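Enquirer: Provide a 3D model corresponding to the input given below.
(2 chains)
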Amino acid sequence: MASASAETASSSSQIATAAASPTTERRGIPAAQFVEDVQTFLSQLDLDVNSALAFLQERLQQYKLVEMKLLAQQRDLQAKIPDIEKCLDIVATLQAKKEEGEALTADFEVSEGIFSRARIEDKDSVCLWLGANVMLEYSCDEATVLLQKNLENAKASLEVLIADLQFLRDQVTITQVTVARVYNWDVHQRRIRQAAAAAANES
Amino acid sequence: AEKSDTVVTWEDQQNINKFSKLNNRFHELEDEIKFAKETNDNLEDAGNELILTDEDIVRFQIGEVFAHVPREEVEIRIEEMKEVNSKTLEKLEKEKETVLAQMNELKKILYGKFRDSINLEED
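Expert: Residues are numbered from 1 along each chain as shown, chains lettered A, B, ... in the order given. Next comes the predicted model:
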């Protein structure tokens, strides 16, 4: 049995050189190397099984950290998009009311649970909160353009983020499979050694 | 078990990655469908309340404020929102079916090659 596995090891080492993940990294996330053959992988890293497993586990931890960060950013963006859409809705409503020539009456929250009534008459401009304690006045049309641009940027960022997350998850899956294979390979090697030792003792 | 004798090719790895991706998307879709269904229920309730009320001016939420809007306009708005929502819901349900079908295909392929060495079921 020992000789049979040695043959498969040498033949598969020839294909090992062809194996390479399509990208080496994406926006700072290192790609996980796909392992064609465990034996070659270990000699390439020049590590024993336990060190290799430790290295792979550390990689998984690093991936986890990046995943947390990306997920938090995704949540922020997913909350921001409906907010911008609501702003667009209000600006559109104000413009529509202006055309009708009527004032817009609205109940708004002064404090938690306390509402007050407001009548909005001048609907030519709105103030937009730009962040960093800055608020600017815009005409309704300019406001719509700005909000629309922000909405598109947010949606585009979200798409890129989701692609990043998918890439990251692929690397995690590859690493997890590699861990399982290295571990199984080690178990297999031990069995071979035990069998060989037992046979040697008997003879 | 002679698990380690099965060679894992790059194609296998890609299939496993794809399955994982589909599984994640499946769970996301379930959440999104749940949210869309809740929105649908809320809009239904709002529509019913509107029929019951006899006020001419309804306080309708736009953004963070409750604007005073005439009843007919509110009816139209709610109908539009319901339209948009049911289209979204339909799209999500369709995507969920596609994802499930692809997952089942991959399950066949992966179980075929790896049998007991791989587990693709929900915990």
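Enquirer: can you name the residues of chain A that neighbour chain B?
Expert: A:12, A:19, A:34-36, A:38, A:86-87, A:89-90, A:93, A:104-109, A:115, A:118, A:166, A:169-170, A:173-174, A:177, A:181, A:184-185, A:187-188 (C-beta under 8 Å from any C-beta of the partner chain). Any C-beta I mention is one placed from the backbone N, CA and C, and that applies to glycine too.
Enquirer: what's the closest non-adjacent residue to the residue most central in space within chain A?
Expert: Against the mean C-alpha coordinate of chain A, by C-alpha atoms, centre = their mean, the closest residue is residue A:165 at 2.1 Å. Using C-beta to C-beta, 6 or more residues apart in numbering or on different chains and skipping the chain neighbours, the partner closest in space to residue A:165 is residue A:70 (5.2 Å).
Enquirer: residues contacting residue 99?
Expert: Picking chain A for this. By C-beta atoms under 8 Å, 6 or more residues apart in numbering or on different chains, no residues touch residue A:99.
Enquirer: nope, chain B please
Expert: The neighbourhood of residue B:99, defined by C-beta under 8 Å, 6+ apart, consists of B:22, B:25, B:26, B:29.
Enquirer: which ones, among those, also lie beside chain A?
Expert: Within these, nothing lies near chain A by C-beta under 8 Å from any C-beta.
Enquirer: got a markdown table for these, with neighbour count too?
Expert: A markdown table is the format used below for the contacts of residue B:99 (neighbours: other C-beta atoms under 10 Å in any protein chain shown):
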| residue | neighbour count |
| --- | --- |
| B:22 | 18 |
| B:25 | 17 |
| B:26 | 16 |
| B:29 | 18 |
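Enquirer: give the helix, strand or coil label for the closest residue to residue A:107 other than its chain neighbours.
Expert: In space, and not counting its chain neighbours, residue A:107 is closest to residue B:66: 4.2 Å by C-beta to C-beta, 6+ apart. Secondary structure assignment for residue B:66 (DSSP: H, G, I helix; E, B strand; the rest coil): strand.
Enquirer: give me the number of residues near residue B:66?
Expert: Using other C-beta atoms under 10 Å in any protein chain shown, residue B:66 has 18 neighbouring residues.
Enquirer: now the host helix or strand of residue B:29: mean pLDDT?
Expert: Using DSSP states H and E, residue B:29 maps to helix B:10-52. In this model, helix B:10-52 has a mean pLDDT of 94.
Enquirer: quick one: that helix to chain centroid distance?
Expert: On the basis of C-alpha atoms, centre = their mean, to the nearest Å, helix B:10-52 is displaced by 1 Å from the centre of the chain it belongs to.
Enquirer: and stretch B:39-58, by the same measure?
Expert: 26 Å.
Enquirer: tell me which residues are up against it.
Expert: Contacts for stretch B:39-58 (C-beta under 8 Å, 6+ apart): B:68-71, B:74-75, B:78-79, B:81-82, B:85-86, B:89.
Enquirer: for that stretch, buried residues please.
Expert: Of all the residues in stretch B:39-58, those buried under the rule 16 or more other C-beta atoms under 10 Å in any protein chain shown are B:39, B:40, B:43, B:46, B:58.
Enquirer: biggest separation within the residues you listed, which pair?
Expert: B:40 and B:58 (19.9 Å; C-beta to C-beta).
Enquirer: the helices in chain A, which residues?
Expert: With DSSP state H as the criterion, chain A has helices at A:2-16, A:38-45, A:49-100, A:140-202.
Enquirer: pipe those helices into JSON lines and attach distance to residue B:17 and mean pLDDT per row.
Expert: Shown next, in JSON lines, are the helices of chain A (distance: least, C-beta to C-beta, whole Å; pLDDT from 0 to 100):
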{"stretch": "helix A:2-16", "distance to residue B:17": "20", "mean pLDDT": "41"}
{"stretch": "helix A:38-45", "distance to residue B:17": "18", "mean pLDDT": "86"}
{"stretch": "helix A:49-100", "distance to residue B:17": "14", "mean pLDDT": "92"}
{"stretch": "helix A:140-202", "distance to residue B:17": "5", "mean pLDDT": "93"}
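Enquirer: and these, which is most packed in?
Expert: Of the helices of chain A, the one with the most neighbours on average (mean count of other C-beta atoms under 10 Å in any protein chain shown) is helix A:38-45, at a mean of 18.
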